[in-house]
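Q: Here is my input, please return the structure:
(one chain, ligands or ions: 1)
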Amino acid sequence: MNKNEQCIIRIEDMSLNGEGIGKYEGYTLFVKDAVVGDLAKVKVTRPKKNYGYARLEEILEASPWRVEPVCPHHRRCGGCQLQAMSYEKQLEWKWKKVKDNLERIGGLKDVPMKEIIGMEKPFRYRNKAQYPIGWKKDGKGQVAAGFYAGRTHVIIDSEDCFLGKPVNGQILQAVKAYMAKQRVEPYDEETGTGLVRHVLIREGFHTGEIMVCLVINGVRLPGEDALVAELRKISGVTGVVLNENRERTNVILGTGIRVLWGNGYITDRIGDVTFSISPLSFFQVNPVQTEKLYGKVLEYAVGERNPQGISDGQEEALPVIWDLYCGIGTISLFLARYAKRIFGVEIVPEAVADARRNAAANHIENVEFFVGKAEEVAPEKFVKEGIRADVVVVDPPRKGCDPALLDTMVKMSPKRIVYVSCDPATLARDVKFLTENGYAAEEVTPVDMFPMTVHVETVCLLSKLNVKQHIEVELT
Ligand code: SAH
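A: So this is what the prediction gives:
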């Protein structure tokens, strides 16, 4: 097809990025803002050899799964790719995405897939917000705070996001008021000048504590006291901090935190464990779903659980658990009382400092945390020091586990592996390796940690085939 050509197509599926997919005379088109089930008039914008991209011109027949998006910006903002699709349909689509990946990439034909764990109220779930700050495009010298228009770095001024808390709007207003009064300039990506780059807000779900972090292209701000005074007026704010980032990069956070007022961290609870979280550490963004996710991890890691905890004399029978990619130790501490010992490994030193502090604050003594790459620390501790594992939990970033780590996991030969994944494709790739090396995929549960977006989290339980069974499998 050629550029600007128009056609009418039925949207039959959704792409990994949330575009509608339809075919015109066998030629596949990806259509942003179209929903599976729509009959749509579209205009080709970027034709390629075997497929192309098209713009939604008119919906001729709306999909039965189409809903009215709650956010006025949802088409311009790339954040909520699925907002125009009903929540039930989103869940069904995510479940199928996990299953398709496990089948196609993982080669798993009949792995038991549990129902996806969704949310009752799929909005306003995020405990963290990151707003870019810049000049408004109208050239009148006003500051914009909001989001990047999809696939660009143009900042659209918008103080409310329906995935975040309403208080974020108040905080942005306070920051803008301060910037106007003190004549503080926002950062300009093109020239690398100006000061304020991002406002990062974190809120404790159970505690309501709010930390505001300004990421700045410098060391200090003019009138820091005035900023603090504005922000302190907002109920819930317990800390104001600065993060220095002078790099010409898309990476939001730089290194180092300077506390201007209050606490340099927030506290929150997951289950009955209390966590303190510093701005540079990873922390799950959806607290309601995190409890459900960790509940699944617990169930898969230790099987039946005793709600009273473990009685005296049983410790010896408890498993030794490794928690790789452990962040601030959330999973480790959540599992601690069901384990004999827990070893956590994490690459970010600040997160490990949080993890250790959290263990101490909760009087949990059977955990130990190591700073380093999982693929380096695990072989070292296992091969050189002989620390074994009954259960290994991994929760890697999107790129999945390093091959060296997968190798070590197989050598460590734990009875169970619990794989927590935010990318079904790399999960499937790694599960394939594990199932070819002595493990069986027992059960998979997708969890919707990010409603309205295309992302899906998955927990997968693998168990070690007994040696005899393993040999039989290898012989056939
Ligand atoms: N399990 C934690 C964190 C999961 S996010 C939780 O549920 O909160 C993944 C974590 O892996 C991040 O904290 C990231 O800093 C860390 N990470 C990334 N690459 C790593 C590596 N090669 N080795 C160890 N940790 C790594």
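Q: check contacts around the residue of the stretch 251-400 of the chain found nearest the ligand.
A: Nearest to the ligand in the stretch 251-400 of the chain, going by Cβ to the nearest ligand atom, is Gly327, at a distance of 2.9 Å. In this view, the C-beta of every residue, glycine as well, is placed from N, C-alpha and C. When contacts are counted by Cβ atoms under 8 Å, 6 or more residues apart in numbering, Gly327 touches Ser281, Phe282, Phe283, Glu346, Val348, Ala351, Ala355, Asp395.
Q: so which of those comes closest to Glu203?
A: For those, the minimum distance to Glu203 (Cβ to Cβ) is 10.9 Å, reached by Phe283.
Q: Ala144 and Lys176, how far apart?
A: For Ala144, the distance to Lys176 equals 9 Å [Cβ to Cβ, to the nearest Å].
Q: cool, Trp95 as well?
A: On the measure of Cβ to Cβ, Trp95 and Lys176 end up 42 Å apart.
Q: before we move on, the earlier item: the residue of the stretch 251-400 of the chain closest to the ligand in helix, strand or coil?
A: coil (DSSP: H, G, I helix; E, B strand; the rest coil).
Q: Grab the nearest non-local neighbour of it.
A: Ranked by Cβ to Cβ, 6 or more residues apart in numbering and with sequence neighbours excluded, the top spatial neighbour of Gly327 is Phe282, at 4.4 Å.
Q: OK, contacts around the one you found?
A: So Phe282 contacts Gly327, Ile328, Val348, Ala351 (Cβ under 8 Å, 6+ apart).
Q: Give me the distance between the first one and Gly256.
A: Think Gly327. 19 Å.
Q: For Ile342, list the residues it contacts.
A: Contacts of Ile342 (Cβ under 8 Å, 6+ apart): Val320, Ile321, Trp322, Asp323, Ser332, Leu335, Ala336, Asn366, Val367, Glu368.
Q: The second one looks like it's in a helix, true?
A: No. Going by three-state DSSP, the assignment for Ile321 is strand, not a helix.
Q: Count the residues that sit near it.
A: Here the number of neighbours of Ile321 (other Cβ atoms under 10 Å) works out to 28.
Q: got the contact list for stretch 400-418?
A: For stretch 400-418, contacts defined as Cβ under 8 Å, 6+ apart pick out 297, 300-301, 319, 322, 324, 373-376, 378-379, 382-383, 388-394, 421, 423, 426-427, 429-430, 433-434, 437-439, 459-464.
Q: biggest strand in this structure, by residue count?
A: Scanning the chain for the longest strand, with DSSP state E as the assignment, gives strand 51-61.
Q: Off-centre distance for it?
A: 30 Å (Cα atoms, centre = their mean, to the nearest Å).
Q: Could I get the buried residue list for whichever helix or strand comes after it?
A: Following strand 51-61 in sequence order, the next helix or strand is helix 87-104 (DSSP states H and E). Neighbour-count burial for helix 87-104, counted by 16 or more other Cβ atoms under 10 Å, picks out 87, 89-95, 97-99, 101-102.
Q: Which pair in those has the greatest spatial separation?
A: Maximum distance among these (Cβ to Cβ): 23.2 Å, for Tyr87 and Leu102.
Q: And the strands in the stretch 301-450 of the chain?
A: For the stretch 301-450 of the chain, applying DSSP state E, counting those that start in this stretch gives strands covering 320-324, 341-346, 367-371, 391-394, 416-421, 439-447.
Q: got the residues of the protein near the ligand?
A: 282-284, 325-327, 330-331, 345-348, 351, 373-375, 395, 397 (Cβ under 6 Å from any ligand atom).
Q: can you give me the strands for the stretch 101-250 of the chain?
A: Using DSSP E, counting those that start in this stretch, strands in the stretch 101-250 of the chain cover 128-135, 143-148, 155-157, 196-203, 210-216, 237-244.
Q: thinking Gly264 is in contact with Thr238, fair?
A: No. Checked against Cβ atoms under 8 Å, the pair Gly264 and Thr238 is beyond contact range at 10.2 Å.
Q: Show me the common contact partners of the two, please.
A: Met211.
Q: would JSON lines of the strands of the stretch 301-450 of the chain with distance to Lys128 be doable?
A: Conversion of the strands of the stretch 301-450 of the chain to JSON lines gives the following (distance: least, Cβ to Cβ, whole Å):
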{"stretch": "strand 320-324", "distance to Lys128": "22"}
{"stretch": "strand 341-346", "distance to Lys128": "18"}
{"stretch": "strand 367-371", "distance to Lys128": "22"}
{"stretch": "strand 391-394", "distance to Lys128": "23"}
{"stretch": "strand 416-421", "distance to Lys128": "19"}
{"stretch": "strand 439-447", "distance to Lys128": "18"}
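Q: Make CSV out of the ones you listed and add mean pLDDT.
A: Output for the strands of the stretch 301-450 of the chain, formatted as CSV (pLDDT from 0 to 100):
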stretch, mean pLDDT
strand 320-324, 97
strand 341-346, 97
strand 367-371, 97
strand 391-394, 98
strand 416-421, 98
strand 439-447, 97
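Q: so which of those comes closest to Ala62?
A: strand 439-447 (27.3 Å).
Q: can you give me the angle that closest one makes with helix 87-104?
A: Orientation check (axes from the mean of the first three to the mean of the last three Cα atoms, to 10 degrees): strand 439-447 against helix 87-104 gives 160 degrees.
Q: name the helices or strands packed onto strand 439-447?
A: helix 87-104, helix 287-302, helix 424-435, strand 457-464 (3 or more Cβ pairs under 8 Å, 6 or more residues apart in numbering; DSSP states H and E).
Q: a markdown table for those, including distance to Gly194 and mean pLDDT?
A: As requested, these are exported to a markdown table (distance: least, Cβ to Cβ, whole Å; pLDDT from 0 to 100):
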| stretch | distance to Gly194 | mean pLDDT |
| --- | --- | --- |
| helix 87-104 | 38 | 97 |
| helix 287-302 | 34 | 96 |
| helix 424-435 | 37 | 98 |
| strand 457-464 | 36 | 97 |
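Q: these two touch, right, Val297 and Ser332?
A: No. Using Cβ under 8 Å, Val297 is not in contact with Ser332; the gap is 10.7 Å.
Q: Wait, Ala361 touches Thr274, no?
A: Yes. Counting by Cβ under 8 Å, Ala361 does reach Thr274; the two are 6.2 Å apart.
Q: Leaving out chain neighbours, which residue sits closest to Asn245?
A: Gly254 (3.0 Å).
Q: and that neighbour, what is it in contact with?
A: Val215, Asn243, Glu244, Asn245, Arg246, Glu247.
Q: again, 10 Å this time
A: Arg197, Val215, Ile216, Asn217, Leu242, Asn243, Glu244, Asn245, Arg246, Glu247, Leu280 (Cβ atoms under 10 Å, 6 or more residues apart in numbering).
Q: Counting neighbours, what do you get for Asp448?
A: 25.
Q: How about Thr426?
A: 18.
Q: list the contacts for it?
A: Asn101, Ile105, Pro396, Pro397, Arg398, Lys399, Gly400, Cys401.
Q: From Leu406, how far out is it?
A: 11 Å.
Q: So Val143 is in contact with Glu159, correct?
A: No. Counting by Cβ atoms under 10 Å, Val143 does not reach Glu159; the two are 11.6 Å apart.
Q: Report the set of residues contacting both of these two.
A: By Cβ under 10 Å, 6+ apart, Val143 and Glu159 have these common neighbours: Leu172, Lys176.
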